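Asks: pasting the sequence and the predicted model now:
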Amino acid sequence: MNVPRYAGWTVVAAAFAILFLAYGLQFSYGLFVTPMAADLGLSRAETALPYSAYVFGYMTLSLVTGPATDRHGPRLVIAIGAALLGLGWGLCAFVTAGWQTYVTLGVIGALGMSVTWVPCNATVARWFVRRRGTAVGLASAGTSVGNFCVPPLAALSIAYWGWRPALLVLAVGCAGLMMIAALFMRRDPESCGLQPDGDPTPPLVVPVTGMTLKQAVRTDAFILLTTVYVLTWLAVFVPFVHAVAMAEDLGFSKLAGASVLSAIGIGGIVGRLGAGLLLDHAGAEVSLVTIFGLQVASFVAFAIATTLPLLWCAAALFGLAYGGGVTILAPICSQVFGRAHVAAIVGTLFALTALPCALGPWLAGWLFDLTGSYQPVLLLSAAVNVLALLLSLLFGRAVRASPGRMATVR
C-alpha cells in the first residue's frame with residue numbers, strides 16, 4: 001500500500017529552492033565590490049553603503065510582507081517579489097554612477113528580497129509542530145547551499161565576462177527560477193485539509209491558534225528576543241560583504257576570496273540542519289547560547305587570521321553560527337507566540353533589526369578606510385555577540401516563567 005507523501009515536505013523543498021536562489025545572489029555581492037569600486041571610482045565604504053541600504057530596505061519591508069503572507073498566502077507574495085528582485089539586481093549591472101545603485105539595489109532589489117526569508121520560514125513553521133525545527137532547518141539550508149554554490153560561479157563569470165554581464169545573468173536566472181518554485185508554496189496544512197506533521201485529521205477541525213502581533217509585542221519574551229537579534233545582526237553581514245576584500249588584502253586572488261564565502265556556506269549548511277535538531281531536542285535557550293558562543297569565536301578567528309586555511313576555518317565557524325541563528329528564529333516565534341500570526345510577528349522582529357543589519361557593513365568599510373584594517377570591527381563584532389549570549393539567558397528565563405506554552409502578555 002502506498003502512503004501519500006506529506007505535502008509539507010514539498011513546501012520545504014520549494015522554500016529551500018527560493019532561499020538558495022535569493023541568498024546565493026545576495027551573498028555574491030562581495031565579489032562585485034572591488035571591480036564595482038574601481039569602475040565607479042568608489043571607496044570600500046561607498047561601495048558597501050548601497051548594500052546596507054538594500055539590507056535595511058528588505059528587512060524593514062518585512063513589516064509589510066509578513067502580514068501579506070498571512071493574508072494572501074506565500075505563492076503570490078513570493079512570485080511578485082522574485083520579479084522585483086531580478087529587476088533590481090539586473091538594472092544594477094547598468095549603473096554608471098554610485099547613486100544609481102541606491103535605486104536599483106537599495107529600493108527595487110530590496111522590495112524583491114523582502115518576500116524571501118520571512119514568508120518562506122514562517123510558512124514552513126506553520127506546516128510542522130513536532131518537527132518544526134528540523135523542517136525549518138532543511139528549508140533554511142537552501143540559504144547556505146546557495147552561499148556555497150553561487151559565489152564561485154559568480155567569480156568565474158566575472159573573470160570571463162566582466163562584472164556587469166555576470167551580474168545581469170545571475171539576476172535574471174535566479175529570479176526566473178524563484179518564480180517557478182513559488183508555485184509550490186502553500187499557506188498551511190489546514191488550507192489543504194491536512195494537519196501539521198501529517199497527523200491524522202481529527203473529527204472536528206481544530207483552528208490555527210496563537211497571539212496576534214499586538215499581543216506578542218507586549219511580552220517580555222518578544223522584547224528580549226528582538227534585542228538579542230539586534231545585537232548579533234549588527235555584525236552578521238560584515239563577513240558576507242568584506243570577506244573577499246579581506247582575502248584580497250592578504251594577497252589572495254578573487255577566486256580564493258570566493259572560497260571564503262563558500263566556506264561560510266559549508267558551515268551554514270551544518271549550522272542550519274544542526275540548529276533545527278538542537279532546538280527540537282534541547283530548546284530555545286540552549287540553542288541560542290550555543291550559537292552566539294560559536295559566533296563570538298568566529299569573529300575572533302577572523303581577526304587573527306593571516307592565511308587562507310585560517311580564513312576558511314573562521315568562515316566555516318561563522319557560517320555554522322549564523323546559519324543556526326537565522327534558522328531557529330521563526331520556529332522559536334511559532335513555539336512562543338503560536339502559529340496563527342507567526343509571519344507578521346517574525347516580520348516585525350525582522351524589521352526592527354533592519355537598521356543595525358544595514359549599518360554593520362557600512363561601519364566595517366568606514367573603519368577600514370579610517371584604520372586600514374578590519375581587525376577593530378571584527379573584535380567589536382565579537383563583543384556585541386557576547387552581549388547577545390548573555391541576553392539569551394534572560395530570554396530563556398522569561399519563557400520558562402510563563403504559564404503554559406506561550407509567553408505572557410504584559
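Replies: Alright, I've got the coordinates.
Asks: which element is the residue lying closest to Gly283 once chain neighbours are set aside on?
Replies: Excluding the flanking residues, the one nearest Gly283 by C-beta to C-beta, 6 or more residues apart in numbering is Gly396, at 7.7 Å. In this view, the C-beta of every residue, glycine as well, is placed from N, C-alpha and C. Using DSSP states H and E, Gly396 sits in helix 375-400.
Asks: tell me the buried residues in that helix?
Replies: Using 16 or more other C-beta atoms under 10 Å as the test for burial, helix 375-400 gives 375, 377-378, 380-382, 384-385, 387-389, 391-392, 395-396, 398-399.
Asks: tell me which stretches of the stretch 301-410 of the chain form helices.
Replies: 308-337, 342-352, 354-371, 375-400 (DSSP state H, counting those that start in this stretch).
Asks: would you list these in a markdown table and tack on distance to Ser298 and mean pLDDT?
Replies: Converted to a markdown table, these look like this (distance: least, C-beta to C-beta, whole Å; pLDDT from 0 to 100):
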| stretch | distance to Ser298 | mean pLDDT |
| --- | --- | --- |
| helix 308-337 | 4 | 87 |
| helix 342-352 | 22 | 81 |
| helix 354-371 | 15 | 80 |
| helix 375-400 | 8 | 86 |
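Asks: adding distance to Leu31, write these out as TSV.
Replies: As requested, those are exported to TSV (distance: least, C-beta to C-beta, whole Å):
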stretch	distance to Leu31
helix 308-337	14
helix 342-352	26
helix 354-371	14
helix 375-400	20
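Asks: so for Gln215, which of those sits nearest?
Replies: Each of the helices of the stretch 301-410 of the chain was scored for nearness to Gln215 using C-beta to C-beta, and the closest is helix 308-337 (8.0 Å).
Asks: what packs against the closest one?
Replies: If you count contacts as 3 or more C-beta pairs under 8 Å, 6 or more residues apart in numbering; DSSP states H and E, helix 308-337 packs onto helix 117-126, helix 132-161, helix 213-216, helix 220-233, helix 238-249, helix 254-282, helix 284-304, helix 342-352.
Asks: okay, the ones you listed in CSV with distance to Asp70 and mean neighbour count next?
Replies: As requested, those are exported to CSV (distance: least, C-beta to C-beta, whole Å; neighbours: other C-beta atoms under 10 Å):
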stretch, distance to Asp70, mean neighbour count
helix 117-126, 8, 29
helix 132-161, 17, 23
helix 213-216, 9, 18
helix 220-233, 17, 22
helix 238-249, 29, 24
helix 254-282, 23, 22
helix 284-304, 23, 21
helix 342-352, 5, 27
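Asks: and Asp39, which of these is closest to it?
Replies: Proximity to Asp39 (C-beta to C-beta) singles out helix 132-161 among those, at 11.6 Å.
Asks: tell me the angle the following helix or strand past the closest one makes with helix 117-126.
Replies: Where DSSP H and E defines the elements, the next helix or strand beyond helix 132-161 is helix 163-182. Counting by axes from the mean of the first three to the mean of the last three C-alpha atoms, to 10 degrees, helix 163-182 lies at 30 degrees to helix 117-126.
Asks: which other helices and strands contact helix 163-182?
Replies: Using 3+ C-beta pairs under 8 Å, 6+ apart: helix 163-182 touches helix 7-26, helix 29-40, helix 74-92, helix 132-161.
Asks: buried ones in it?
Replies: Buried residues in helix 163-182, defined by neighbour count with 16+ other C-beta under 10 Å: 163-164, 166-171, 174-175, 177-179, 181-182.
Asks: alpha carbons of it, as CSV, please.
Replies: Taking Å, rounded to 0.1, in the frame of the first residue of the first chain, the C-alpha atoms of helix 163-182 are listed here in CSV:
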residue,chain,number,x,y,z
TRP,A,163,31.2,42.2,-13.6
ARG,A,164,28.3,43.8,-15.5
PRO,A,165,27.3,40.8,-17.7
ALA,A,166,27.9,38.4,-14.8
LEU,A,167,25.6,40.3,-12.5
LEU,A,168,22.8,40.6,-15.2
VAL,A,169,22.9,36.8,-16.0
LEU,A,170,22.9,36.0,-12.3
ALA,A,171,20.0,38.3,-11.5
VAL,A,172,17.7,37.1,-14.4
GLY,A,173,18.4,33.4,-13.8
CYS,A,174,17.8,33.5,-10.1
ALA,A,175,14.5,35.5,-10.4
GLY,A,176,13.1,33.2,-13.1
LEU,A,177,13.7,30.0,-11.1
MET,A,178,12.3,31.6,-7.9
MET,A,179,9.0,32.3,-9.7
ILE,A,180,8.8,28.6,-10.6
ALA,A,181,9.5,27.5,-7.1
ALA,A,182,6.8,29.9,-5.7
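Asks: any idea how far Ser52 is from Met59?
Replies: 11 Å (C-beta to C-beta, to the nearest Å).
Asks: that concludes my questions; thank you for your assistance.
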